[in-house]
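**Student:** This is a predicted model, with the sequence first.
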Amino acid sequence: MTWTRALLALVVMGCSGPTVKVETPEPLAVDINMRVDIYQHDGSATDALRQAVPGESVGAIERRRRDRMEEIQTLKNNRLIGENHEGLLTIRSLPPGNYGRYVRETVEAENADRMAEMKAKAESEQTSLADVQRNLANLWRERSFAGEWIEVPAADGSWTWVQKEESPSS
């Protein structure tokens with residue numbers, strides 16, 4: 001028995017393992033598609049926002065929306081909500097029970113904050129609320145990820161819900 005163990009140990013120590021290459025013949029290529037929006041804010045939008053929501057601090061709505069971003073994205077990823085053509089969220093599938101209440105309350109809060117921001121923006125830019133809603137709806141449609149629900153114009157002028165397709169790579 002000891003001779004077999006010794007022989008096995010010699011065979012194992014004498015064998016070298018397979019050669020593993022950790023280099024590639026060509027450098028790895030990474031394809032990144034990125035969008036950067038840069039805004040310069042003046043006091044007029046802040047003043048309009050203050051007037052639109054009396055009693056709230058200037059950045060309260062923006063902070064709430066920022067704090068809610070992860071929840072909204074999770075609901076979009078779960079295909080429960082989508083971006084409609086008015087720049088607001090629409091519930092596509094309402095789960096039952098407490099989770100359904102949570103979804104409804106989260107969407108209502110987000111839409112209230114979005115609407116307050118859009119009204120302030122329309123006032124500060126001296127344009128119509130409909131124009132602001134249309135522009136922001138287009139922006140949020142563009143920024144949505146593949147598979148998320150978005151409302152798009154149909155051939156007959158109405159609106160239809162689709163899941164966004166993968167963008168072609170540049």
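**Tutor:** On my side now, so go ahead. Just so it is clear, the model here is predicted, and its values are computed rather than measured. Residues are numbered from 1 along each chain as shown.
**Student:** For residue 138, see how far away the residue nearest in space to the middle of the chain is.
**Tutor:** Taking CA atoms, centre = their mean, the centroid of the chain lies closest to residue 73, which sits 5.0 Å from it. Computed as CB to CB, to the nearest Å, the residue 73 to residue 138 distance reads 19 Å. (Each C-beta comes from the backbone N, C-alpha and C, glycine too.)
**Student:** Please apply the same query to residue 127.
**Tutor:** Taken as CB to CB, the span from residue 127 to residue 138 is 15 Å.
**Student:** Which helix in this structure has the most residues?
**Tutor:** Ranked by number of residues, the top helix in the chain under DSSP state H is helix 97-125.
**Student:** I'd guess the residue nearest to the centre of the chain is in a helix, am I close?
**Tutor:** Yes: if the criterion is DSSP: H, G, I helix; E, B strand; the rest coil, then residue 73 is within a helix.
**Student:** What does the nearest residue to residue 166 once chain neighbours are set aside show for phi and psi?
**Tutor:** Excluding the flanking residues, the one nearest residue 166 by CB to CB, 6 or more residues apart in numbering is residue 146, at 4.4 Å. Main-chain torsions, residue 146, degrees, to the nearest 10: phi -60, psi 140.
**Student:** And the one 10 residues further on, by the same measure?
**Tutor:** Backbone torsions of residue 156, given as degrees, to the nearest 10, read phi -90, psi 10.
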